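Student: prediction below, plus the sequence it came from.
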Amino acid sequence: MYSVQLIHVKEFVKSAKKKVEDFDEYDIGSLKEILRLAIDEFKINAKIEFDEEEEYEYIKLFRIEDEALLDKVLELAVNDGEECSISYVFEGNILREY
């Protein structure tokens, strides 16, 4: 198990938003890129994959704690008080294996 301090998550989001070219908190592509960076930064066991046959992107999660952390990252990235979640970003295309 790992523990991630909220202050570290806030610092990460601030830094990640600068790394994403033309970051727009209302753009799904920008939010997916923030998630990719978070998966790498926090060494989360999750995979973002593309279904060639059905032509949609989905995320595969293996721990509920990881999903909660990624939801928090999105919430901080949007930062206008509105809730944002993995389910919203991936339009419900989530494969949970926990």
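Tutor: That came in fine, so what should we check first? Numbering: from 1, shown residues only.
Student: for the chain, what spans make up the strands?
Tutor: Listed in chain order, the strands of the chain (DSSP state E) span 46-51, 56-61, 94-96.
Student: tell me the most buried of those strands?
Tutor: Most buried of the strands of the chain, by mean neighbour count (mean count of other Cβ atoms under 10 Å): strand 56-61, with a mean of 16. Bear in mind the C-beta positions are built from the backbone N, C-alpha and C, glycine included.
Student: and the angle for that one with strand 46-51?
Tutor: Here strand 56-61 points in a direction 150 degrees away from that of strand 46-51 (axes from the mean of the first three to the mean of the last three Cα atoms, to 10 degrees).
Student: out of the helices and strands in the chain, which is least certain?
Tutor: helix 6-19 (a mean of 93; mean pLDDT, DSSP states H and E).
Student: re earlier: as a markdown table, the strands of the chain with distance to residue 22 and mean pLDDT would be great.
Tutor: Formatted as a markdown table, the strands of the chain follow (distance: least, Cβ to Cβ, whole Å; pLDDT from 0 to 100):
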| stretch | distance to residue 22 | mean pLDDT |
| --- | --- | --- |
| strand 46-51 | 20 | 95 |
| strand 56-61 | 19 | 97 |
| strand 94-96 | 26 | 97 |
